[in-house]
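Novice: The amino acid sequence is not available; the structure is as follows:
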């Protein structure tokens with residue numbers, strides 16, 4: 001499976017309380033810086049005799065920095081307010097020329113970094129940039145046409161005054177271009193980070209879901225194995241116990257034989273349970289494919305059915321082919337369950353026939369029995385287990401009463417498909 005880029009979310013995650021507190025701290029720090037810068041600028045007389053009163057400088061410092069406290073909540077509004085405050089301050093010669101640039105850069109950057117409507121973010125920033133350059137051109141024209149000899153010389157084609165104006169244009173272009181670019185990059189990075197976090201959360205949920213499914217599958221497998229082991233032997237023990245009770249007084253020898261059968265079934269059940277528990281306790285074994293049961297044990301299974309009151313025959317058709325271990329286990333267990341059900345539900349006169357057919361690239365098991373076939377009306381865990389085993393082997397299961405009486409269980413397993421399941 002190829003690795004794909006996670007889809008970006010529709011909205012950037014909202015600012016955290018920590019980020020909002022950081023904005024308030026930033027606004028407070030810039031306010032102090034603006035007040036100090038305005039006071040020093042007033043003392044230094046940066047605009048000469050046209051310098052505005054310090055009171056206006058203090059008001060400007062508040063108007064410039066206070067909106068930044070909510071810059072992530074209302075980025076567009078904050079950017080417009082800060083830009084207006086900056087333009088007014090420079091136009092009226094308020095003696096603060098440093099913090100205003102910083103505040104305007106932060107406001108422009110915030111619009112690019114936090115506005116989800118990218119079209120609106122672009123419009124707001126472009127309008128501020130256009131306003132800035134229009135304002136700059138107007139002030140440049142006013143300075144160039146003002147009847148004064150103060151300032152830079154205007155003599156020559158490329159005068160010092162023109163050089164200074166070009167520096168102003170280039171600096172502002174770099175200033176606003178940087179704020180624009182860095183804001184967009186911050187937004188893109190935040191969206192990618194959010195997408196990765198969302199993908200990570202999805203993968204964690206998927207991991208937990210997969211783990212839960214694995215546990216559920218293990219529980220199903222354990223339940224199926226326990227049912228197949230216990231139900232078969234307990235059913236045989238029940239038949240033998242009934243036979244022993246029926247002949248206990250008139251034929252002690254037959255009763256003794258039946259009790260020996262019960263003992264044998266109990267020992268077999270304990271042996272298989274012990275093998276199952278050892279398999280479950282071995283971490284390296286992930287499936288019941290290492291079970292000791294296999295198709296070669298069908299003869300013993302048929303003989304066990306005969307000994308417990310169900311006349312059964314076994315027929316093998318075709319040349320045996322190599323069958324995966326898991327398919328052998330599942331086929332054996334299906335035959336075991338079918339014979340158990342035939343003994344339990346077929347009635348006293350029931351008989352069974354087991355046919356194992358080897359094809360060129362498939363395996364077919366057919367278990368038929370005479371007698372009653374009504375147990376399909378009340379299917380239980382055995383029926384479910386047979387279907388699960390057939391599906392786990394890549395095969396199909398056919399179960400139902402026969403037209404001439406009795407019952408049929410047939411499973412067909414394509415061997416190549418079964419091998420792919422194992423892989």
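Specialist: Okay, I see it. Everything numeric here is computed off the predicted structure, so don't read it as measured data.
Novice: Which secondary structure elements does the lengthiest helix in the chain sit against?
Specialist: Longest helix in the chain by number of residues (criterion: DSSP state H): helix 160-247. In terms of contacts (3 or more CB pairs under 8 Å, 6 or more residues apart in numbering; DSSP states H and E), helix 160-247 is packed against helix 99-114, helix 118-145, helix 252-281, helix 325-345, helix 381-392. Where C-beta positions appear, they are placed from N, C-alpha and C, glycine not excepted.
Novice: Turn the ones you listed into a markdown table, columns for distance to residue 234 and mean pLDDT.
Specialist: Formatted as a markdown table, these follow (distance: least, CB to CB, whole Å; pLDDT from 0 to 100):
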| stretch | distance to residue 234 | mean pLDDT |
| --- | --- | --- |
| helix 99-114 | 70 | 92 |
| helix 118-145 | 71 | 83 |
| helix 252-281 | 7 | 75 |
| helix 325-345 | 9 | 85 |
| helix 381-392 | 12 | 81 |
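Novice: Kindly reformat these as TSV containing mean neighbour count and distance to residue 408.
Specialist: Below are these laid out as TSV (neighbours: other CB atoms under 10 Å; distance: least, CB to CB, whole Å):
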stretch	mean neighbour count	distance to residue 408
helix 99-114	23	70
helix 118-145	15	67
helix 252-281	15	26
helix 325-345	24	9
helix 381-392	19	12
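Novice: Now render those as JSON lines, adding distance to residue 168.
Specialist: Listed next are those as JSON lines, based on distance: least, CB to CB, whole Å:
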{"stretch": "helix 99-114", "distance to residue 168": "12"}
{"stretch": "helix 118-145", "distance to residue 168": "7"}
{"stretch": "helix 252-281", "distance to residue 168": "81"}
{"stretch": "helix 325-345", "distance to residue 168": "81"}
{"stretch": "helix 381-392", "distance to residue 168": "78"}
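Novice: Between those, which one is closest to residue 38.
Specialist: Nearest of the helices and strands packed on helix 160-247 to residue 38, taken as CB to CB: helix 99-114 at 8.3 Å.
Novice: Contacts for the closest one, please.
Specialist: 12, 15, 26, 30, 33-34, 37, 61, 64-65, 67-68, 71-72, 75-76, 78-79, 82-83, 85-86, 89-90, 121, 124-125, 128, 175-176, 178-180, 182-184, 186-187, 190 (CB atoms under 8 Å, 6 or more residues apart in numbering).
Novice: Mind doing that once more with 6 Å?
Specialist: Applying CB atoms under 6 Å, 6 or more residues apart in numbering, the external contacts of helix 99-114 come out as 30, 33-34, 37, 64-65, 71-72, 75-76, 78-79, 82, 86, 121, 124-125, 179, 182-184, 186-187.
Novice: Please, a ChimeraX command that selects the buried ones among the residues you listed?
Specialist: Buried subset of those, written as a ChimeraX selection, criterion 16 or more other CB atoms under 10 Å:
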select :30,33,34,37,64,65,71,72,75,76,78,79,82,86,121,124,125,179,183,184,186,187
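Novice: mind giving me the domain split of this structure?
Specialist: 17-205, 295-423 (automatic domain parsing).
Novice: Let me have those domains in CSV, extended by distance to residue 253.
Specialist: Below are the domains of the chain laid out as CSV (distance: least, CB to CB, whole Å):
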stretch, distance to residue 253
domain 17-205, 66
domain 295-423, 16
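Novice: Show the pLDDT at the nearest residue to residue 118 once chain neighbours are set aside.
Specialist: Take residue 118 and drop its neighbours on the chain: the residue closest to it by CB to CB, 6 or more residues apart in numbering is residue 187, 7.8 Å away. At residue 187 the predicted local confidence, pLDDT, stands at 91.
Novice: Distance of residue 187 relative to residue 109?
Specialist: According to CB to CB, to the nearest Å, residue 187 and residue 109 sit 10 Å apart.
Novice: Likewise for residue 71?
Specialist: Using CB to CB, residue 71 is found at 9 Å from residue 109.
Novice: likewise residue 388?
Specialist: Distance, residue 388 to residue 109, by CB to CB: 61 Å.
Novice: One more: residue 75?
Specialist: From residue 75 across to residue 109, the span is 9 Å (CB to CB).
Novice: same question, residue 174
Specialist: As judged by CB to CB, residue 174 and residue 109 stand 14 Å apart.
Novice: and if you look at residue 88?
Specialist: The gap separating residue 88 from residue 109 is 21 Å, by CB to CB.
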